[in-house]
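> return a 3D structure for these sequence lines:
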Amino acid sequence: MDEAQVEVEPTRGRQLGFWQQLSYAMGNFGVAFSPTVVAAWLGYFYYGQETDSGEPIVYIGTTTFGILWFICNALNGPTDPIVGYLSDHTRSRWGRRKPWVFVGAPFLALSFFFLWTPVTDTPSVANAAVLFASLFGFWLFFTVVVAPYLSMLPDITPYDDERVRVSAFMAGFEVLGTIMGNLLPPLFASLLAGGLLFLGSGYQVMAFVVGVTLVLFFWGSVLFVRERYTFSESRSSAGGGVGAAMREFGSTLNNKPFRPYVVSVGFYRIAIATTVFIAPFISTKVLGGYEPHPTDVALLGVLGAVDEGVVNWELAAGYMMMLVMVGGALFFPLVSWLAIRVGKKRLFMIALCWFGVVLILMGTLGEWPFFTPVVQAMCLFMLAAFPVSVALVVLRPILADVIDADEKLTGERREGVYNGMEGLIMKIAAGAGPLGAGFVFAAFGSTAGENLGVRLCGPMAGVAVLLAAVAFSRYPIRK
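Alright, predicted model coming up:
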C-alpha cells in the first residue's frame, strides 16, 4: 500500500443468484425513499398546508420546526460510526448485520408513522414533543438499519463484477425510491384527504403504508443473503470499550485509499446537496425571470407543469430533477459495463470532471446565444444524468475495495466502521451545501430581480466537484 498507485486485478465470479442480488438491492428503495419523504414533505406537512378556504394549517411554527430539525440531525451525526463499530463486533448465529436490520426496521417504521401524527390542530408543546421524539427516533433507527445493511455488500460477495452488478441494482431502487418519495405524499394527501379507517388524513395513510413497506423491504433485503465473514475467536464481542472504539474510528485514516476516497466523497456530497437545494431557485428565480417562449410552454405543458397557459415553476423544478434521476437510471447498464472495462477509478474521475463543468455552466442559464432558457436548463440537467449515474453505481464498490485493503492491513472486516465514518462525513457535507448557498443568497440575492446569488451557487458546486476530482486523483487502487 506504499506505492502511489496500486494495480489490482479485478476478481470475477459468482457468489449470489439473481434473486439474491435483486432482493438485497431492494433494501436501497427504503434507504432512498424514507429520507426523501421526510426532507421534502415533513416541513410542508407541519406548517405549509392550507384548508379548502385558504386558511393555513400549522401544527408547529417554522422556527420551532427548524430548531428541532437541526437538533435531531446534530444528535444523530455520531450514531453512524458508533452503530458501524457495534455491528462490526456483533456475534450471533444470524451474522453481524442481520440482527440490527431485523430489530431496527419495525422501530424505524413506527418512528416514521408518528412523524405524521400531531397531537393538536394548532402549535403546541405536545406537537413539538411528539415531533422531536419521532424525528430523533427516525434518524436513529434509520442509522441502526441502514448502516449494517450497506455494510453487508463487501461481505456477501468477494467478486468485483458482482459487486458492481449488485450496486447497479441498488442504484435502480435508489432512483425509484427518490422519485416515489417526491410523488407519493401529495398523491395520498389528495386522494385520501379524509383518511381511511383509524387514520385521520392522507398523510397518515401514506405513513402507515410506507411503514409496513419499509419493514418488508429491509427484512427481505437481508433474508436471502449470507455473510461470508467468520468472527475471530480472539476478538471480543464488546470490542474493548470506548477507548478501543475511538482508536478504531481513527485508524480508518491510516488506510491509504480511504483518505482520498472520503475527502472526494465529502466534496461531491457538498455539491449534490447544494444542487438539490438550489434547483427550485434556479427554476423560479432564474428561469421564471424570463418571459416563457412558446417552445418552453409546450415542453413544460407535456410534463404537466402548465395550467391554463401559466407555468408552475415549482413543479417544473421537480420535473427537471426527475430528468437527472430517470436519465441516470437509463445509463446504469452502460455504466456497469464501463466500470468493468475502464476501471472504477478512471470512470469516476471522468464523471467528476464532467459534472463539474455542467454545474459551472448552470450559472450561465439564459445567457447562451442559442436555445431558450428552459431548453438550456433541460440540456444541462440531462447532461448531469451520466455523471450522477456513475456515482450511484461505482461508489459502493469503490468503498468495498477500500475495506478489502483495510482487511489486508488489519486482518479484520470492518465494513460498519467504514460506512459509519463515511456517513459522518456525508452528514457534515450535506449540511455544508445549503449553509453555503444561504450565505451566497444573502450576499448576492435570491430573487427573480436579483438572482446573482442563485447563479453563483451552480459554479460553487462545480468547484466542489472539481476539488473532489483532485482529491480522488490520489486514490491508489486501480481496479
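
> quick check: which ranges of the stretch 351-479 of the chain have low pLDDT?
413, 415-416, 430-431, 434-435, 438, 446, 479 (pLDDT under 70).

> could you pull out the helices in it for me?
373-383, 385-410, 415-444, 452-472 (DSSP state H, counting those that start in this stretch).

> ranges for the helices of the stretch 151-300 of the chain?
So, for the stretch 151-300 of the chain - with DSSP H, counting those that start in this stretch - the helices run 153-156, 160-191, 202-223, 241-251, 258-281, 294-303.

> may I see those arranged in JSON lines, with mean neighbour count, mean pLDDT and distance to residue 336 as well?
In short, each C-beta sits where N, CA and C put it, glycine included. Formatted as JSON lines, the helices of the stretch 151-300 of the chain follow (neighbours: other C-beta atoms under 10 Å; pLDDT from 0 to 100; distance: least, C-beta to C-beta, whole Å):
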{"stretch": "helix 153-156", "mean neighbour count": "23", "mean pLDDT": "75", "distance to residue 336": "15"}
{"stretch": "helix 160-191", "mean neighbour count": "20", "mean pLDDT": "77", "distance to residue 336": "4"}
{"stretch": "helix 202-223", "mean neighbour count": "20", "mean pLDDT": "89", "distance to residue 336": "20"}
{"stretch": "helix 241-251", "mean neighbour count": "13", "mean pLDDT": "65", "distance to residue 336": "32"}
{"stretch": "helix 258-281", "mean neighbour count": "22", "mean pLDDT": "83", "distance to residue 336": "20"}
{"stretch": "helix 294-303", "mean neighbour count": "15", "mean pLDDT": "82", "distance to residue 336": "29"}
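
> can you list the ones you listed in JSON lines and add distance to residue 90?
Shown next, in JSON lines, are the helices of the stretch 151-300 of the chain (distance: least, C-beta to C-beta, whole Å):
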{"stretch": "helix 153-156", "distance to residue 90": "13"}
{"stretch": "helix 160-191", "distance to residue 90": "22"}
{"stretch": "helix 202-223", "distance to residue 90": "13"}
{"stretch": "helix 241-251", "distance to residue 90": "13"}
{"stretch": "helix 258-281", "distance to residue 90": "22"}
{"stretch": "helix 294-303", "distance to residue 90": "47"}
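
> can you say which helix or strand has the closest residue to residue 79 other than its chain neighbours in it?
Spatial nearest neighbour of residue 79, excluding adjacent residues (C-beta to C-beta, 6 or more residues apart in numbering): residue 143 at 4.6 Å. Using DSSP states H and E, residue 143 falls within helix 125-151.

> out of the helices of the stretch 151-300 of the chain, which is closest to residue 320?
Ranking those by proximity to residue 320 (C-beta to C-beta) places helix 258-281 first, at 6.8 Å.

> show me how the chain divides into domains.
17-229, 259-478 (automatic domain parsing).

> now do the longest one: distance to the chain's middle.
This points to domain 259-478. 12 Å (C-alpha atoms, centre = their mean, to the nearest Å).

> circling back: out of the domains of the chain, which comes closest to residue 249?
domain 17-229 (5.2 Å).

> about what we covered before: turn the domains of the chain into CSV, columns for distance to residue 251.
CSV is the format used below for those (distance: least, C-beta to C-beta, whole Å):
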stretch, distance to residue 251
domain 17-229, 11
domain 259-478, 8
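
> nearest to residue 252, out of the ones you listed?
Closest among the domains of the chain, using C-beta to C-beta: domain 259-478, at 5.1 Å.

> thought residue 352 was touching residue 469?
Yes: between residue 352 and residue 469 there is a contact at 3.8 Å, judged by C-beta atoms under 8 Å.

> which one's more surrounded, the two?
A side-by-side neighbour count of residue 352 and residue 469, using other C-beta atoms under 10 Å, places residue 352 first with 26 against 20.

> if I look at that one, how far off is residue 113?
Noted for residue 352: a distance of 39 Å to residue 113, by C-beta to C-beta, to the nearest Å.

> and for residue 254?
Distance of residue 254 to residue 113, given as C-beta to C-beta: 42 Å.

> which of the two has more neighbours?
For the pair residue 254 and residue 113, the greater number of neighbours falls to residue 113 (21 against 12), based on other C-beta under 10 Å.

> the helix or strand containing the more buried one: which residues count as buried?
Taking DSSP H and E as the criterion, residue 113 maps to helix 98-114. Neighbour counts over helix 98-114 (16 or more other C-beta atoms under 10 Å) mark 98-102, 104-114 as buried.

> closest to residue 247 out of the residues you listed?
For the buried residues of helix 98-114, the nearest to residue 247 is residue 100 (22.4 Å; C-beta to C-beta).

> before we move on, the earlier item: tell me the mean pLDDT over the helix holding residue 113?
If you average the pLDDT over helix 98-114, you get 93.

> hang on, residue 224 packs against residue 23?
Yes: the criterion here is C-beta under 8 Å, and residue 224 meets it with residue 23 at 4.9 Å.

> tell me which of the two has more neighbours.
Shown here are residue 224 and residue 23; by other C-beta under 10 Å, residue 23 has more neighbours (19 against 15).

> tell me how far the more buried one lies from residue 169.
Residue 23 is 10 Å from residue 169, by C-beta to C-beta.

> with residue 78 instead?
31 Å.

> same deal with residue 18?
Taken as C-beta to C-beta, the span from residue 18 to residue 169 is 10 Å.

> could I get the buried residue list for stretch 346-354?
347-354.

> can you pull the alpha-carbon coordinates of it into PDB?
Written as PDB, here are the backbone C-alpha positions of stretch 346-354 (Å, rounded to 0.1, in the frame of the first residue of the first chain):
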ATOM      1  CA  ARG A 346     -10.900   6.200 -14.100                       C
ATOM      2  CA  LEU A 347     -14.600   6.300 -14.800                       C
ATOM      3  CA  PHE A 348     -15.300   8.200 -11.500                       C
ATOM      4  CA  MET A 349     -12.600  10.700 -12.400                       C
ATOM      5  CA  ILE A 350     -14.200  11.300 -15.800                       C
ATOM      6  CA  ALA A 351     -17.700  11.700 -14.200                       C
ATOM      7  CA  LEU A 352     -16.400  14.200 -11.600                       C
ATOM      8  CA  CYS A 353     -14.800  16.400 -14.200                       C
ATOM      9  CA  TRP A 354     -17.900  16.100 -16.500                       C
END
